[in-house]
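Trainee: Okay, predicted coordinates and the sequence, questions at the end:
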Amino acid sequence: MTTSPPAARPTGAAPSATRFGGLLPADTLLRHLSVLTLLNAFGRGLFFPVSVLYFTRVIGLSATSVGVGLTVAGLFGIAAGAPAGRASDVWGRRTMLTALWIGCGGALAAYTVIGSYPAFLVTAIAYAALCQASMGVRNALYADVLTAGSRVEGRAHLRMVTNVGMGVGGVFGALALQVDSRAGYTVLILLDAAMFVTSALLVLRLPGGGGRRVADDVPAGDRWRAVRDLPFLAVTFLNAVLALQYSLLEVGLPLWIAEHTEAPRWSAALVMVLNCVLVALLQVRATRGVEDLPGAVRAMRRGGLLLALSCAVFAVTAGLSPLGALAVLVVGAVVQVFAEVLSAAGGWTVGYGLADSRAQGVYQGVFNSGQAAATMAAPALVTVTAIRHGAAGWVVLGALFVAAGLAVGPAVRWARRDAEWRGE
């Protein structure tokens with residue numbers, strides 16, 4: 001953690017991210033980041049809807065074995081965050097991110113030639129570890145090339161770009177599902193691999209900073225401090241609890257709709273589309289007033305309360321008529337979007353604001369690993385609460401979100417006191 005003044009703005013960085021102006025902003029640096037983000041997200045949107053069916057229908061693996069394999073791979077992904085971040089502190093963000101994204105492309109391409117479970121497991125582990133590691137390094141790169149005042153709004157804009165890219169990619173993925181052929185799946189997987197490699201090459205051409213060594217002046221005892229920084233880990237944990245909402249929407253709600261409501265089955269798809277559109281429209285606006293730690297604490301507290309409200313709204317859909325359940329689901333989804341954009345903006349601010357700027361890679365790796373752990377734990381948590389116990393389970397989830405949102409303030413104050421005690 002540090003309170004040292006921000007580094008000088010790299011050449012090409014805008015004085016404020018509010019100058020974005022559309023999907024591809026006029027500023028050179030921000031436009032460059034938007035393009036590589038768009039390509040990367042488009043590729044992931046292609047692969048996401050077809051991956052499980054490719055593994056089961058084309059390679060011939062059982063759904064259970066695929067689930068176990070992806071869970072094991074996810075554990076390796078969580079573990080990869082901090083070491084990759086440390087490597088980026090030593091060798092530079094651009095070098096590491098380029099290597100990681102090229103590796104992701106290679107792992108994806110390997111999926112098209114595997115034919116056994118051991119080969120699938122090795123490839124899945126490599127892909128998960130490389131991709132998960134790249135997320136923390138990418139976030140640290142943003143800290144390098146964006147000014148402190150524009151990072152959060154910049155992240156919001158890039159998240160909007162991500163939603164657009166994944167949405168468009170998902171449409172092509174859905175077409176491949178309709179064709180349902182090995183050739184169709186293979187083309188999409190290879191196209192996703194090409195998007196990773198193209199994005200990696202664009203990273204090398206980033207204007208301004210991001211390629212320098214950043215950890216030469218860090219004392220040896222501080223280079224891995226993020227993994228034992230208890231206040232920062234507490235904030236990371238609370239942010240991860242709020243991040244459970246993503247799997248709540250992707251996994252929990254479709255199961256709830258199918259098993260506990262009379263709403264049409266396509267309601268789950270409608271909710272997802274609504275979420276993507278509203279997040280794209282609202283995320284940048286939600287960063288206003290969240291540029292500092294007090295603003296981030298308020299945003300995350302409100303996010304936790306709104307998540308609890310959305311859980312309550314989802315719970316009452318059981319027993320309603322099909323049309324009534326659909327209408328209430330839409331209301332709950334809108335409430336959840338407001339919670340999502342607020343908690344995301346707050347999370348970005350605390351993740352950057354509480355990190356030691358001399359070891360940003362390790363700190364962002366740890367922070368991102370917390371979110372990855374939440375993504376792994378969420379399906380089981382949602383299943384044993386809301387899906388198994390109905391309204392009572394939704395209450396438990398809501399209480400968890402409220403507790404996390406309210407605890408962010410004390411945790412951030414603890415982290416700031418700890419930084420002051422160390423003289424930072």
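Mentor: Looks like it arrived, so ask away.
Trainee: Which secondary structure element is home to Gly289?
Mentor: Secondary structure assignment for Gly289, by DSSP states H and E: no helix or strand.
Trainee: what residues are up against the closest residue to it other than its chain neighbours?
Mentor: Sequence neighbours aside, Gly295 is the residue nearest to Gly289 in space, at 4.9 Å (criterion: Cβ to Cβ, 6 or more residues apart in numbering). Where C-beta positions appear, they are placed from N, C-alpha and C, glycine not excepted. Listed by Cβ atoms under 8 Å, 6 or more residues apart in numbering, the contact set of Gly295 reads 289, 346, 349.
Trainee: Three-state assignment for Gly295, please.
Mentor: Assigned with DSSP: H, G, I helix; E, B strand; the rest coil, Gly295 falls in the helix class.
Trainee: Now do the helices in the stretch 251-400 of the chain.
Mentor: Along the stretch 251-400 of the chain, counting by DSSP state H, counting those that start in this stretch, helices occupy 253-260, 267-286, 293-315, 322-353, 360-382, 388-389, 391-421.
Trainee: Same list (those helices) but as CSV, adding distance to Ile59.
Mentor: Formatted as CSV, those follow (distance: least, Cβ to Cβ, whole Å):
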stretch, distance to Ile59
helix 253-260, 24
helix 267-286, 26
helix 293-315, 35
helix 322-353, 34
helix 360-382, 22
helix 388-389, 32
helix 391-421, 35
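Trainee: I'd like these as a markdown table, with mean pLDDT and distance to Thr95 appended.
Mentor: What follows is those, written out as a markdown table (pLDDT from 0 to 100; distance: least, Cβ to Cβ, whole Å):
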| stretch | mean pLDDT | distance to Thr95 |
| --- | --- | --- |
| helix 253-260 | 88 | 40 |
| helix 267-286 | 86 | 30 |
| helix 293-315 | 96 | 30 |
| helix 322-353 | 95 | 21 |
| helix 360-382 | 89 | 11 |
| helix 388-389 | 90 | 47 |
| helix 391-421 | 90 | 29 |
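Trainee: so which of those helices comes closest to Val50?
Mentor: Val50 lies closest, by Cβ to Cβ, to one member of the helices of the stretch 251-400 of the chain: helix 267-286, at 15.7 Å.
Trainee: any residues touching that closest one, and which ones?
Mentor: 20, 153, 156-157, 159-160, 163-164, 166-167, 249-250, 253-254, 257-258, 261, 299, 325-326, 329-330, 333-334, 336-338, 340-342, 344-345.
Trainee: Could you pick out the buried ones from the residues you listed?
Mentor: Among the contacts of helix 267-286, those classed as buried by 16 or more other Cβ atoms under 10 Å are 20, 153, 156-157, 159-160, 163-164, 166-167, 249-250, 253-254, 257, 261, 299, 325-326, 329-330, 333, 336-338, 340-342, 344-345.
Trainee: Please report how far Ala99 lies from Leu33.
Mentor: According to Cβ to Cβ, to the nearest Å, Ala99 and Leu33 sit 19 Å apart.
Trainee: With neighbour numbers in mind, choose between those two.
Mentor: Each of Ala99 and Leu33 has its neighbours counted (other Cβ atoms under 10 Å); Leu33 has more, 24 against 20.
Trainee: How about the contacts made by the more buried one?
Mentor: 142, 145, 154, 158, 206.
Trainee: Which of these sits closest to Gly81?
Mentor: Tyr142 (15.5 Å).
Trainee: and that closest one, how many neighbours?
Mentor: When neighbours are counted by other Cβ under 10 Å, Tyr142 registers 21.
Trainee: Ser62 too?
Mentor: 11.
Trainee: Which residue comes closest to it once chain neighbours are left out?
Mentor: Nearest non-adjacent residue to Ser62, counting by Cβ to Cβ, 6+ apart: Thr56, 7.1 Å away.
Trainee: Ala174 now?
Mentor: Residue nearest to Ala174 in three dimensions, not counting chain neighbours: Pro49, with 6.1 Å by Cβ to Cβ, 6+ apart.
Trainee: ok, and that neighbour, which helix or strand is that part of?
Mentor: Using DSSP H and E, Pro49 sits within no helix or strand.
Trainee: Is it correct that the residue nearest to Ser62 is in contact with Ser65?
Mentor: No: using Cβ atoms under 8 Å as the test, Thr56 is too far from Ser65 to be in contact (9.1 Å).
Trainee: any idea how far Val284 is from Thr413?
Mentor: Not quite, residue 413 is Arg, not Thr. Distance, Arg413 to Val284, using Cβ to Cβ: 28 Å.
Trainee: which of these two has more neighbours?
Mentor: When neighbours are counted by other Cβ under 10 Å, Val284 comes out ahead of the other of Arg413 and Val284, with 22 against 13.
Trainee: in stretch 308-320, what counts as buried?
Mentor: 308-318, 320.
Trainee: if we can go back for a sec, and the contacts of Gly295, which are buried?
Mentor: Among those, the ones that count as buried by 16+ other Cβ under 10 Å are 346, 349.
Trainee: CA atoms only for stretch 338-354, dumped as CSV, please.
Mentor: The C-alpha coordinates for stretch 338-354 follow below in CSV (Å, rounded to 0.1, in the frame of the first residue of the first chain):
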residue,chain,number,x,y,z
PHE,A,338,-27.0,-1.1,-10.3
ALA,A,339,-25.3,-3.2,-7.6
GLU,A,340,-22.9,-4.6,-10.2
VAL,A,341,-21.7,-1.3,-11.6
LEU,A,342,-21.3,0.3,-8.2
SER,A,343,-19.4,-2.6,-6.6
ALA,A,344,-17.2,-3.1,-9.7
ALA,A,345,-16.2,0.6,-9.7
GLY,A,346,-15.6,0.5,-5.9
GLY,A,347,-13.5,-2.7,-6.3
TRP,A,348,-11.3,-1.1,-8.9
THR,A,349,-10.6,1.9,-6.7
VAL,A,350,-9.7,-0.1,-3.6
GLY,A,351,-7.7,-2.6,-5.6
TYR,A,352,-5.5,0.2,-7.0
GLY,A,353,-5.6,2.6,-4.1
LEU,A,354,-4.5,0.1,-1.4
